[in-house]
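Student: return atomic coordinates for the entry below.
(one chain, ligands or ions: 1)
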Amino acid sequence: MSSLLRFEGVTCRRGGRILFEDLDLELRQGEALHLSGPNGSGKSSLLRLAAGLLHAENGGVHRGSVALADEHLALDRELPLARALSFWSGQVDEAIDAMGLRRLEAVPVRLLSTGQAMRATLARVAASDAALWLLDEPLNGLDADGVERLDALVAAHLERGGAVLAASHGPLGGTWSRMELSA
Ligand SMILES: Nc1ncnc2c1ncn2[C@@H]1O[C@H](COP(=O)(O)OP(=O)(O)OP(=O)(O)O)[C@@H](O)[C@H]1O
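Tutor: The predicted structure is shown next:
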């Protein structure tokens, strides 16, 4: 299976503090890694490094195509949900259904509740054709149905040969390798 993400000897410094040092990490097709650790330990920073939004102080990050779900919706707040998602992909129907958003497709993004917005973010990631999904606290705001849908989405993505790296304080469904950052 080919590698979708590789960290080689990565050191991350933020706000003058070294968060982690000389980190090696590899995610191959079909692999899922659950990142945990206390507040401020660097989980989001690691995801941002993986996404190419943050530069490593040292070391190399090698990646293919990535989609990031974090606190930024990355959807036009004034547009109806389906149109806003269409900015990212020509094929959004499957993702809309997978996250149970069909009855909200005509609702402007700015009116979505917290959990609905998380579902929309996950639909954006699912609609992308990125092989690597980076999920920052994907359980935030999700109800039980939303969590089930997330689990199913992840399982299908892994089955198709994708990979997922998720930072979460809560438990994630399915089979995940674990990595814990320390404070
Ligand atoms: N833009 C920034 N400039 C300086 N320091 C930052 C910046 N963003 C984050 N940090 C610091 O980096 C450290 C790690 O933050 P990060 O968000 O990666 O942690 P986290 O493990 O995701 O935390 P949480 O569990 O609270 O989400 C924190 O001490 C934070 O203050």
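Student: can you list the residues of this protein near the ligand?
Tutor: Counting by CB under 6 Å from any ligand atom, the positions of the chain adjacent to the ligand are 14-15, 19, 37, 39-45. C-beta: built from backbone N, CA, C; applies to glycine.
Student: once you drop chain neighbours, what's closest to the residue positioned nearest the centre of the chain?
Tutor: To find the centre residue of the chain, average its C-alpha atoms and take the closest one (CA atoms, centre = their mean): that gives residue 135, at 2.0 Å. In space, residue 135 comes closest to residue 166 once its chain neighbours are excluded; the distance is 4.0 Å by CB to CB, 6 or more residues apart in numbering.
Student: who does the one you found bridge with?
Tutor: Beta-bridge pairing of residue 166, defined through DSSP bridges, involves residue 34, residue 135.
Student: distance of it from residue 14?
Tutor: Using CB to CB, to the nearest Å, residue 166 is found at 20 Å from residue 14.
Student: quick one, which of the two is more surrounded?
Tutor: residue 166 (23 against 14; other CB atoms under 10 Å).
Student: could you report the distance from the more buried one to residue 109?
Tutor: Going from residue 166 to residue 109 by CB to CB gives 23 Å.
Student: what does residue 59 give?
Tutor: Computed with CB to CB, the distance linking residue 59 and residue 109 is 37 Å.
Student: the two: which has the busier surroundings?
Tutor: residue 109 (20 against 16).
Student: assess the claim that the more buried one and residue 74 are in contact.
Tutor: No - contact status for residue 109 versus residue 74: not in contact, 10.2 Å apart, counting by CB atoms under 8 Å.
Student: using CSV, write out every CA atom in the lengthiest helix in the chain.
Tutor: Determined from DSSP state H, the single longest helix within the chain is helix 144-159. The C-alpha atoms that make up helix 144-159 are tabulated as CSV, following Å, rounded to 0.1, in the frame of the first residue of the first chain:
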residue,chain,number,x,y,z
ALA,A,144,-25.4,9.9,18.1
ASP,A,145,-26.7,9.7,14.5
GLY,A,146,-23.9,12.1,13.4
VAL,A,147,-21.3,10.0,15.0
GLU,A,148,-22.6,6.8,13.3
ARG,A,149,-22.5,8.6,10.0
LEU,A,150,-19.0,9.8,10.6
ASP,A,151,-17.9,6.2,11.5
ALA,A,152,-19.5,4.9,8.3
LEU,A,153,-17.9,7.6,6.2
VAL,A,154,-14.5,6.9,7.6
ALA,A,155,-14.9,3.1,7.1
ALA,A,156,-15.9,3.6,3.5
HIS,A,157,-13.0,6.0,2.8
LEU,A,158,-10.5,3.4,4.3
GLU,A,159,-12.1,0.7,2.3
